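Asks: Have a look at this prediction, sequence included:
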Amino acid sequence: MLRLNYTQKLFAYLLLIIYAVIIIFPFFVMIIDSFKTMSDLYLRPFSLPTSWIYQNYITAWETANIGTGYINSMIIAFSSVVIVVILSSMLAYAISRFRFPFYRQLFIYSLLGLALPANLAVIPIYILMNRLHLINTLLGLIIIYSSTGISFSTFLFKNFIDAVPLEIEESAKIDGASDLRIYGSIVLPLIKPAISVVAIVNFVGIWNDFFYPLIFINSQSKFTITLSVLTMFQGEYTTSWSLLFAGLSLSIIPMIIIFVSFSKQFIAGITQGAIK
Amino acid sequence: MRRKVKLRYLLIFILPSLGLYSLFVIYPIIGSLVISFYKWPGVGPMTFIGFDNFRSLFVGYFSSQLWNAFYHNIIFFFFTSILELGLGFFIALIIASNIKGGNYFKTIVYIPNMIPMVLVGFLWGLFLNPQIGFINEFLKIIGLGSLAQPWLGSMSLAFPTVIAVNIWRNLGFYVLVLLAAIINVPNELLEAAYIDGASAWNVVWKIIFPLSFATFRTLLLLLFIWSFNVFDIVYALEGAQAGPSGATDVLGTLFYRTAFGGLGSGATGMGLGAAVTVFIFAIIFPVSIIYVYSVEKRSSS
């Protein structure tokens, strides 16, 4: 452990506190401003609201269809994560365990998506989606996210499965269990920690994505949470800042609360996922 | 030991994922290359025009926009790399040291990362508003009103401001990843150095930094790839036009305007848009290959 002396520690605390304030203060401003009237916001930007206007939240919720955005984002993220976990763990298992030609090349091929910005290749995806009648559908986005998540997830699962001892599987094989059965009832339970990392990383990525919904979704009933907020910033409310802040709070705060409550799991997932 | 497997089972395990992945990740990249040789407005027939799109892009009427955007991606990569890796390492060192409360700071620094980049952009767009945004108000309150600026509307300040907001949002990620690398440094090495009377400065530069170097290299490769993929933050802060007067235009927004943005880009079309994509791929491809091989190597060893 890096040892700091007394003055260095003092300096370190000071820096960390300044950094923490730079992170947290904007959220504080966002929240207090979301309860203000426009004139209050304009005249007293840093004081608490003179009267708390809860109505801002109701108006923001309704005008931006935040509820619909949440539901759609949930459906998309949840379905994609389930598909990614199943498909990638199967691919990773095959790459890790089966004897077949070109398995190493197959692994490299499946990793290419890690380093190629797939969202720039959106024109051919657009043509494909058009032919499959998947433009402006949640299913279209689910398929895209299920595909773009495969590289990272396969990689993480493969590393994890490589470290699982072979003996149990081998004896199951001798007892006549099929490969699918071994995978489903022996391997999957053993790689639970990897499943949660893959699920968290993919979920956050899909939840935060903006580009694919922007390109593929155009009717309000199918908007994701990011698109819902976008409509507020492009519509008739662009000058009603307290409403904009209320809309932003509604879309941002729940994620922060979830993250802070489960930060240990999240951080483990993020660092394991990133170091690769 | 790898075990033999019936072809039927092998296919059940690998085909569903490989099918989706090939169709929606790999094929679109090849498809973009094909489309870049065509003139196609998005509907109707496609006309083969050879290298015309690339000619317009590199030397023709489109070239000033392309090189302007390309320049901004380079600037973006340069400054985000230095600042995110530099500040990230520094903060991670502090959190990893013998101070108390490191775990709380770990959580705090990562909070901005949990928010969609585009919403971060909208939020800061309000804060940076020259009339009533809190940044300028704050400067006035602490007596630095002369520093108040039209942050997002100024030709010279707009792009640095975009970079700063991006760093506000992403820095926590680099802190956590570098922190994991620092914690991995064997403690015995540090203890031995202290016994020999090494200063904190020497411990950092002679031991911790060299042993975290692999992580720096990985992050730098990723930063390069991601820097050429920037879109959300510019779109949210400056719109698809990447104003003022293209001062914040990057290849991502240029691509979006060209392929999907309709009016205002001077030229639209899927073919030209695909050519922009091909240009970006050409830049990042060597780095991607290095990255993928290094990842594969570590996984196989």
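Replies: Perfect, thanks for sending it. If you're wondering where the values come from, they're calculated on a predicted model, not measured in any experiment.
Asks: pretty sure residue B:275 is in a helix, no?
Replies: Yes. Counting by DSSP: H, G, I helix; E, B strand; the rest coil, residue B:275 is part of a helix.
Asks: State the number of residues packed around it.
Replies: 30 (other CB atoms under 10 Å in any protein chain shown). Quick note: C-beta positions are derived from backbone N, CA and C, even for glycine.
Asks: who are the neighbours in contact with it?
Replies: Taking CB atoms under 8 Å, 6 or more residues apart in numbering or on different chains, we find residue B:275 in contact with B:36, B:53-54, B:56-57.
Asks: try 7 Å this time
Replies: Residue B:275 sits next to B:36, B:53-54, B:57 when contact means CB atoms under 7 Å, 6 or more residues apart in numbering or on different chains.
Asks: pLDDT wise, what is it at?
Replies: pLDDT for residue B:275: 94.
Asks: which of the contacts of residue B:275 sit farthest apart?
Replies: Greatest spatial distance among these (CB to CB): B:36 and B:57, at 9.1 Å.
Asks: Quick one: buried ones out of the contacts of residue B:275?
Replies: B:36, B:53-54, B:57 (16 or more other CB atoms under 10 Å in any protein chain shown).
Asks: Residue B:252 touches residue B:230, doesn't it?
Replies: Yes. With contacts counted by CB atoms under 7 Å, residue B:252 reaches residue B:230, the gap being 5.3 Å.
Asks: what sits against the closest residue to residue A:3 other than its chain neighbours?
Replies: Using CB to CB, 6 or more residues apart in numbering or on different chains and skipping residues adjacent in sequence, the residue nearest residue A:3 is residue B:98, 5.3 Å away. Going by CB under 7 Å, 6+ apart, residue B:98 touches A:1-4.
Asks: Who wins on neighbours among those residues?
Replies: residue A:2 (21 neighbours).
Asks: Might you report the residue contacts of the spatially closest residue to that one that is not a sequence neighbour?
Replies: Distances taken as CB to CB, 6+ apart put residue B:97 closest to residue A:2, at 4.1 Å, once the chain neighbours are dropped. Residues in contact with residue B:97 (CB under 7 Å, 6+ apart) are A:1-4, A:12.
Asks: about what we covered before: could you dump the buried ones among the contacts of residue B:275 into a markdown table and include distance to residue A:174 and secondary structure?
Replies: Shown next, in a markdown table, are the buried ones among the contacts of residue B:275 (distance: CB to CB, whole Å; DSSP: H, G, I helix; E, B strand; the rest coil):
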| residue | distance to residue A:174 | secondary structure |
| --- | --- | --- |
| B:36 | 55 | coil |
| B:53 | 60 | helix |
| B:54 | 60 | helix |
| B:57 | 62 | helix |
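Asks: Return the closest of the residues you listed with respect to chain A.
Replies: residue B:36 (9.1 Å; CB to the nearest CB).
Asks: Give me the below-cutoff pLDDT ranges for the stretch 101-250 of chain A.
Replies: Along the stretch 101-250 of chain A, segments meeting pLDDT under 70 are nowhere present.
Asks: could you pull out the strands for chain B?
Replies: Secondary structure of chain B (DSSP state E): strands located at B:38-39, B:47-48.
Asks: how about the helix or strand bottoming out on mean pLDDT in chain B: buried residues?
Replies: Least confident helix or strand, chain B: helix B:200-202 with a mean of 87, by mean pLDDT, DSSP states H and E. Using 16+ other CB under 10 Å as the test for burial, helix B:200-202 gives residue B:200.
Asks: cool, stretch A:201-208 as well?
Replies: Buried residues in stretch A:201-208 (16+ other CB under 10 Å): A:201-208.
Asks: a markdown table please, covering the buried ones among the contacts of residue B:275 and showing distance to residue A:17 and pLDDT.
Replies: Output for the buried ones among the contacts of residue B:275, formatted as a markdown table (distance: CB to CB, whole Å; pLDDT from 0 to 100):
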| residue | distance to residue A:17 | pLDDT |
| --- | --- | --- |
| B:36 | 51 | 94 |
| B:53 | 53 | 92 |
| B:54 | 52 | 94 |
| B:57 | 49 | 91 |
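Asks: export these to a markdown table and tack on distance to residue B:22?
Replies: Listed next are the buried ones among the contacts of residue B:275 as a markdown table, based on distance: CB to CB, whole Å:
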| residue | distance to residue B:22 |
| --- | --- |
| B:36 | 20 |
| B:53 | 26 |
| B:54 | 26 |
| B:57 | 28 |
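Asks: What is the distance between stretch B:221-230 and the centre of its chain?
Replies: 4 Å (CA atoms, centre = their mean, to the nearest Å).
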